[in-house]
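Colleague: here's a sequence, model it:
(chains A and B)
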Amino acid sequence: EAGVVQSPRYKIIEKKQPVAFWCNPISGHNTLYWYLQNLGQGPELLIRYENEEAVDDSQLPKDRFSAERLKGVDSTLKIQPAELGDSAVYLCASSRPGSGELFFGEGSRLTVL
Amino acid sequence: GENVEQHPSTLSVQEGDSAVIKCTYSDSASNYFPWYKQELGKGPQLIIDIRSNVGEKKDQRIAVTLNKTAKHFSLHITETQPEDSAVYFCAASIRYQLIWGAGTKLIIKP
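Modeller: Coordinates of the predicted model:
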């Protein structure tokens, strides 16, 4: 079984530029999560999808962050414009229906200069 | 809201010794407590979890204990090995939302 796939693994951009991250969850996992992880800290939830519906986006900074999961499978997280403080690892995770176990991708490390 | 505190932030143990990591939570409605291991450059991976109706759970060298009255839970790793070196995160779940601790860096000394 293929794991959660994220791309790109690394991205370096200038501040005020846009950036997008892509995630393909494990087949059959209807719940998809985007997390932000700063160095030396635990993951912080940005948004949770049940199929194509965003059921928890309360922690997503909507002035500059957006996400979509149009067909209920893969998902894209976008930042526009990026700020210096957005430098972090963006983790995608998925879970099976009724299961509390999250399966994480390897993350996308963003550096904003 | 829920808050999870994790201690220590760094733990260094001799290979073969035991390691214990402790977490406390604030919301008594939390009912699911997973532990994740994160190796360098990778995403976290579930290693063990416990639900609020159970006091202890073991899986080979790993065990988790839960004290609902005191609102704390602990991860125990026995006979530590070099491959146990990683960052370990505890979390508490309330209404499908996971609140994570800040992590413990476990160092296994040869």
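Colleague: can we go C-alpha only for contacts and neighbour counts from here?
Modeller: Noted.
Colleague: show me which residues of chain A sit near chain B.
Modeller: Counting by C-alpha under 8 Å from any C-alpha of the partner chain, chain A comes close to chain B at A:40-44, A:91, A:100-107.
Colleague: derive a PyMOL selection command for the buried subset of the residues you listed.
Modeller: To isolate the buried members of the residues of chain A next to chain B in PyMOL, using 16 or more other C-alpha atoms under 10 Å in any protein chain shown:
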select buried, chain A and resi 42+43+44+91+100+101+102+103+104+105+106+107
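Colleague: and the one helix or strand in chain B whose mean pLDDT sits lowest, which strands flank it?
Modeller: Lowest by mean pLDDT, DSSP states H and E among the helices and strands of chain B is strand B:97-100, with a mean of 90. Strand B:97-100 sits in its sheet next to strand B:86-94 (antiparallel), going by DSSP bridges.
Colleague: run through who's touching the strand it pairs with.
Modeller: Residues from elsewhere that reach strand B:86-94 (C-alpha atoms under 8 Å, 6 or more residues apart in numbering or on different chains): A:42, B:2, B:4, B:6, B:23, B:25, B:29-40, B:98-107.
Colleague: nearest residue to the residue nearest in space to the middle of chain A other than its sequence neighbours?
Modeller: For chain A, the residue nearest the mean C-alpha position is A:Trp34 (3.1 Å; C-alpha atoms, centre = their mean). Distance criterion C-alpha to C-alpha, 6 or more residues apart in numbering or on different chains; nearest residue to A:Trp34, sequence neighbours excluded, is A:Cys92 at 4.6 Å.
Colleague: neighbours of the one you found, how many?
Modeller: Close neighbours of A:Cys92, defined as other C-alpha atoms under 10 Å in any protein chain shown, add up to 33.
Colleague: element containing it?
Modeller: According to DSSP states H and E, A:Cys92 maps onto strand A:88-95.
Colleague: setting aside sequence neighbours, what's the nearest residue to residue 39?
Modeller: No chain was given, so I picked chain A. Computed as C-alpha to C-alpha, 6+ apart, the closest residue to A:Leu39 that is not its neighbour in sequence is A:Ala88, at 7.1 Å.
Colleague: right idea, wrong chain: chain B
Modeller: If the residues on either side of it in the chain are set aside, B:Glu39 comes closest to B:Ala86, at 5.0 Å by C-alpha to C-alpha, 6+ apart.
Colleague: so that neighbour bridges to which residues?
Modeller: B:Leu106.
Colleague: pLDDT at it, what is it?
Modeller: With respect to pLDDT, B:Ala86 scores 98.
Colleague: report the separation between it and A:Thr76.
Modeller: Computed as C-alpha to C-alpha, to the nearest Å, the B:Ala86 to A:Thr76 distance reads 29 Å.
Colleague: can you map out the strands along chain A?
Modeller: A:5-7, A:10-13, A:19-24, A:31-37, A:44-50, A:53-56, A:65-68, A:75-79, A:88-95, A:103-104, A:108-112 (DSSP state E).
Colleague: coming back round to it: count of residues packed around the residue nearest to B:Glu39?
Modeller: B:Ala86 - counted by other C-alpha under 10 Å - has 18 other residues nearby.
Colleague: ditto for A:Gln17
Modeller: 13.
Colleague: so who does it touch?
Modeller: Counting by C-alpha under 8 Å, 6+ apart, A:Gln17 has contacts A:Gln80, A:Pro81, A:Ala82.
Colleague: quick one: the nearest residue to the last one once chain neighbours are set aside from A:Glu83, how far?
Modeller: Right, the one you point to is A:Ala82. Sequence neighbours aside, A:Lys16 is the residue nearest to A:Ala82 in space, at 4.8 Å (criterion: C-alpha to C-alpha, 6+ apart). Distance, A:Lys16 to A:Glu83, by C-alpha to C-alpha: 6 Å.
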